[in-house]
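K.L.:
What shape does this take:
(2 chains)
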Amino acid sequence: MPALKDIATQIRRDIVRMVHGASSGHPGGSLGCADFVTALYFKVMKHDPAFHMDGKGEDVFFLSNGHVSPLFYSALARAGYFDIKELASFRKLNSRLQGHPATHEHLPGIRMASGSLGQGLSNAAGAALAKKLNGDDRFVFSLHGDGELDEGQIWEAALFAAHHKVDNLIATIDWNGQQIDGPTDKVMTLGNLPEKFRSFGWLTLEMNGNDMDDVVATLEKAKTMCGKGQPVCILMHTAMGKGVDFMEGTHEWHGIAPNDEQLAKALAQLPSTLADY
Amino acid sequence: MLKDIQSTGSKDTRSGFGDGIVEAARKNNNVVALTADLAGSLKLNQFMKEFPERFIQCGIAEANMIGVAAGLTIGGKVPFTTTFANFSTGRVYDQIRQSVAYSGKNVKICASHAGLTLGEDGATHQILEDIGLMKMLPGMTVIVPCDYAQTKAATIAIAEFEGPVYLRFGRPSWPIFTKESDFVIGKAQIFSEGTDVSIFACGHLVWNAIQAGAILQEKGISVEVINIHTIKPLDEAAVIASIRKTGCVVTAEEHNVIGGLGDAIAQCAAKHHPVPIEYVGTQDTFGESGTPAQLLKKYGLDVPDIVAAAEKAMARKKG
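P.N.:
Coordinates of the predicted model:
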């Protein structure tokens, strides 16, 4: 298998090309979380690209910040869930690759629609609880934006998962400090997130989400912290737009597509490590 | 004759739910019950006693409850969410829309204390818009049973039915006049056949429609009283067959006339066989505090209102 870092680079390349091809989409968060999702699908999770909706005996992943769909789609395709050629249909009419992830078109790998924010932690907690009821000892992973933590439902779910000792759940927060209208500190202060989650009854970890070794090590560590009566939260520091210098560290590229010139500039920084779709 | 339809007792429809879910859970190990701090009101006591490990308390956090329920389906569970109708629908519309309906999840949204008959708690809790909200969601089945027995039967039936369901019932003690075996999802229940006017009703107002129908029969009017417990998918064949015979319609529901059963019947009639329709329901207004009987009277949902609506519909047909 190619090195994780190389897979992440190709996925970043796919993201930029998909968003350019659709003239719309969300490159910033997708690029920022590329290392994390690559680590999950190519190293950390036990999963089957033949795809079974019930995920019994498998680790399952919920993407709560559904706007980073190009990342999710690229990772699924590269992991063998569907043909990489289909990535070209992203956001186009009659595509299974909807603007935000959906089960409606039966795209393998998607278990829940997301896009309207704040719902994925509840979904993940429910799926994790079902695993416990079924005697299934695999894990449930989820990813959330930091801006998404403005949603009250996240904190309802945080209470719930701790109360019910959902200790097979590993939720990761993309703590990039940016949301659509600007830095999270300006839009809605999040304060001390590790302390917040701890006070809700979670075990917490922090990691550099753009350092592949740290990502893999932290996710593996998180797995060892499961089964102790508490859910696990990873506060993941990332740079929005990571990998494309002019997109990096700003909310400006949250939800816009590069033009032809910008695409060329971006791709020059992201060499093709696997074949392009 | 409709006057021969007697009640065999009186019980709240929510108790039908509480008894039904216990039977459903005995039959199917995957049935789980969730509540948002209203286990007692939803009559889950027996379920909790018999299946403690399959009871999931969510606290007063309905949005999370819906999301958790959707997640539970992924492990093959059949989750029943329980709270009052207002908090089951309006409060969590987007959660139901994305995580349940759009995602096609097998969640049963079970809602008590619907409509005016909630009574004294007043308009904050008396949702009169929920049928409309739920039937607008693609893929959502909407069921409004009419008495204890039918609510019990519907609860058992939806556990074995694949797909999202909204099950609406209520708080007050109400006459029992159906048999559990009468209920089939999507199949209208005909109480009387006639040629002058069709009365389509759902929920608590089915009993009122039967009483109104008996009065009309006394007056020599040939009336069809039909229980549309499944509002979506609508039993269009039964509706069309009836209105072809009678040529005019009354709809009766404990809901706003905008968006509810009346709208569903009107759309069916407009497409297939347009006829005069009179709507018994709340007239685009909120409710208020009062006893159920006082409220049904004040808001025009009582037996005489249905009789008057039938006479008006028949007059319009002749005109």
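K.L.:
contacting residues for B:Ser112?
P.N.:
With contacts defined as Cβ atoms under 8 Å, 6 or more residues apart in numbering or on different chains, the neighbours of B:Ser112 are B:13-14, B:17, B:38, B:41-42, B:82-85, B:169-171. The C-beta positions use only the backbone N, C-alpha and C, and glycine is treated the same way.
K.L.:
What's the separation between A:Cys33 and A:Lys265?
P.N.:
Going from A:Cys33 to A:Lys265 by Cβ to Cβ, to the nearest Å gives 21 Å.
K.L.:
Compare these two (neighbour count), which wins?
P.N.:
Remark: of A:Cys33 and A:Lys265, A:Cys33 carries more neighbours, 31 against 16, as counted by other Cβ atoms under 10 Å in any protein chain shown.
K.L.:
Residue 74: neighbour count?
P.N.:
Chain wasn't specified; assuming chain A. 29.
K.L.:
actually it's chain B I care about, not the one you picked
P.N.:
Neighbours of B:Ile74 (other Cβ under 10 Å): 27.
K.L.:
can I assume it is in contact with A:Gly55?
P.N.:
Yes. Using Cβ atoms under 8 Å, B:Ile74 is in contact with A:Gly55, at 6.1 Å.
K.L.:
Now do the shared contacts for the two.
P.N.:
With Cβ under 8 Å, 6+ apart, B:Ile74 and A:Gly55 have common neighbours A:Arg111, A:Ala127.
K.L.:
Show me which residues of chain A sit near chain B.
P.N.:
Proximity of chain A to chain B, by Cβ under 8 Å from any Cβ of the partner chain, involves residues A:53-56, A:60, A:62, A:102-104, A:111-116, A:118-131, A:133-134, A:136, A:152-153, A:156-157, A:159-160, A:163-164.
K.L.:
Which residues are in contact with B:Val249?
P.N.:
Contacts for B:Val249 (Cβ under 8 Å, 6+ apart) come out as B:Val197, B:Ser198, B:Ile199, B:Phe200, B:Ile243, B:Ile265, B:Ala269, B:Val275, B:Pro276, B:Ile277, B:Glu278, B:Ala313.
K.L.:
would you list every one of the strands in the chain?
P.N.:
All of this is about chain A. A:60-63, A:140-145, A:169-175, A:178-179, A:182-183, A:203-208, A:232-237 (DSSP state E).
K.L.:
That was the other one, I meant chain B.
P.N.:
For chain B, the strands defined by DSSP E cover B:9-12, B:31-35, B:55-57, B:78-84, B:108-112, B:141-143, B:165-168, B:173-176, B:189-192, B:197-201, B:223-227, B:230-232, B:249-256, B:277-282.
K.L.:
can you redo those as CSV with mean pLDDT?
P.N.:
Output for those, formatted as CSV (pLDDT from 0 to 100):
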stretch, mean pLDDT
strand B:9-12, 98
strand B:31-35, 98
strand B:55-57, 98
strand B:78-84, 98
strand B:108-112, 98
strand B:141-143, 98
strand B:165-168, 98
strand B:173-176, 98
strand B:189-192, 98
strand B:197-201, 99
strand B:223-227, 98
strand B:230-232, 98
strand B:249-256, 98
strand B:277-282, 98
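K.L.:
Can you lay out those strands as TSV showing distance to A:His47?
P.N.:
Converted to TSV, the strands of chain B look like this (distance: least, Cβ to Cβ, whole Å):
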stretch	distance to A:His47
strand B:9-12	47
strand B:31-35	25
strand B:55-57	26
strand B:78-84	24
strand B:108-112	29
strand B:141-143	32
strand B:165-168	31
strand B:173-176	50
strand B:189-192	47
strand B:197-201	50
strand B:223-227	48
strand B:230-232	37
strand B:249-256	45
strand B:277-282	50
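K.L.:
What separation is there between the closest residue to A:Pro194 other than its chain neighbours and A:Glu220?
P.N.:
Sequence neighbours aside, A:Thr204 is the residue nearest to A:Pro194 in space, at 4.6 Å (criterion: Cβ to Cβ, 6 or more residues apart in numbering or on different chains). Using Cβ to Cβ, A:Thr204 is found at 16 Å from A:Glu220.
K.L.:
More neighbours: those two, which one.
P.N.:
Neighbours were counted for A:Thr204 and for A:Glu220 using other Cβ under 10 Å; A:Thr204 has more, 20 against 12.
K.L.:
Report the beta-bridge partner residues of that one.
P.N.:
A:Cys233 (DSSP bridges).
K.L.:
Likewise for A:Trp175?
P.N.:
When assigned by DSSP bridges, A:Trp175 has beta-bridge partners A:His237.
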